[in-house]
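Give me a model of this one.
(one chain, ligands or ions: 1)
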Amino acid sequence: MVTIKSKKEIELMREACRVAALTQKAIEENIKPGMTTWELDQIAEQTMIKLGAIPAEKNYPSGYDDVPNFPASTCISINDEVIHGIPSKKRIIKEGDIVSVDLVALKNGFNGDCARTFKVGKVSKEAERLVEVTRKAFFEGIKYAVKGNRIGDVSHAIGEYVKSQGYSVVKEFQGHGIGRQMHEDPGIPNYGKAGRGIRLEPGMTLAIEPMVIQGKENILELDDGWTIITEDGSLAAHYENTILITEKNPEILTML
Ligand code: MG
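Predicted coordinates for the structure are as follows:
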């Protein structure tokens, strides 16, 4: 079901999303070569708790009987890892890595969801371009996230832009409505036909999240039951914000 948020609920969404944005800021300020992804995760967890929120990804169900719930507060995915990387005390961040951090802050019963891909030290020109195209794909998409348009208009804009830059979008994972639940309707693919899907209405809150691969679109899941990697070993990047559909342009709730 697609939920339309009331004025009061929108205020609560703003608050949760602000915590998510401040947590990304803390990560940006602290990420450096030599630290582990577990240390980075701890910074995020402590930031969210300090700001009165719960890291909502912790204990998120895997969907498999034989795979434990997600064990950390953030998903951290490096280089050819696309999404859902598990923070680890053994995983060291290196100079030249691109590190995607996806996190959800739950505050007062509402969720704020955002992802960024950070460049660690000096990265390759190609990595730099991938990260920038992924970020831009989000902004290309939300040009169409206005009242009366359809979800497919947003999906189409993202997919076409990414294709025009010579990259691939991930097809198996998508953006989503968000509110009291981390994942609400509608699903928002990063590709598709314009003019299809539900109409956008003021009060909808949506997580729009291009996941972009440098090479071919095929992905694999690691044996940990969580981590998604590119099949061809090429780099991947992720950029996500929670937005609010309004009477005019969308409001980006997870940017400071
Ligand atoms: Mg997310």
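
Give me the distance from whatever helix or strand residue 11 lives in to the chain's centre.
For residue 11, the element it lies in under DSSP states H and E is helix 7-30. Averaged C-alpha coordinates place helix 7-30 at 13 Å from its chain's average position (CA atoms, centre = their mean, to the nearest Å).

Quick one: name whatever helix or strand follows it.
Next helix or strand after helix 7-30 toward the C-terminus (DSSP H and E): helix 37-50.

avg pLDDT for that following helix?
Helix 37-50 shows a mean pLDDT of 98.

what's the answer for stretch 140-159, then?
The model assigns stretch 140-159 a mean pLDDT of 98.

quick one on the thing from earlier: what residues of the helix holding residue 11 count as buried?
Of all the residues in helix 7-30, those buried under the rule 16 or more other CB atoms under 10 Å are 9-10, 12-24, 26-27. C-betas here are computed from N, CA, C, even on glycine.

Same question for stretch 206-216.
Buried, per 16+ other CB under 10 Å, within stretch 206-216: 206-215.

Over to stretch 225-237?
226-230, 234-237.

Outside of the helix or strand hosting residue 137 itself, which residues are in contact with it?
Using DSSP H and E, residue 137 maps to helix 125-142. For helix 125-142, the external contacting residues (CB atoms under 8 Å, 6 or more residues apart in numbering) are 96, 98, 117, 119, 123, 154-155, 157-158, 161-162, 165, 167, 169, 190, 208-212, 214, 235-241, 243, 250, 252.

mind running it again at 6 Å?
With contact meaning CB atoms under 6 Å, 6 or more residues apart in numbering, helix 125-142 is reached by 98, 117, 154, 157-158, 161-162, 165, 208, 210, 212, 214, 235, 237, 239, 250.

Restricted to helices, list these.
Of the contacts of helix 125-142, the ones assigned to helices by DSSP state H are 154, 157-158, 161-162.

can you list the residues of the stretch 101-250 of the chain near the ion?
Applying CB under 5 Å from the ion, one finds that the stretch 101-250 of the chain approaches the ion through 102, 113, 115, 240.

again, only this time at 6 Å
By CB under 6 Å from the ion, the residues of the stretch 101-250 of the chain that approach the ion are 102, 104, 113, 115, 207, 209, 240.

Would you reformat these as a markdown table and include pLDDT?
Output for these, formatted as a markdown table (pLDDT from 0 to 100):
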| residue | pLDDT |
| --- | --- |
| 102 | 99 |
| 104 | 99 |
| 113 | 99 |
| 115 | 99 |
| 207 | 99 |
| 209 | 98 |
| 240 | 99 |
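
Widest-spaced pair of the residues you listed?
The largest separation in those, counting by CB to CB, is between 104 and 209 at 11.5 Å.
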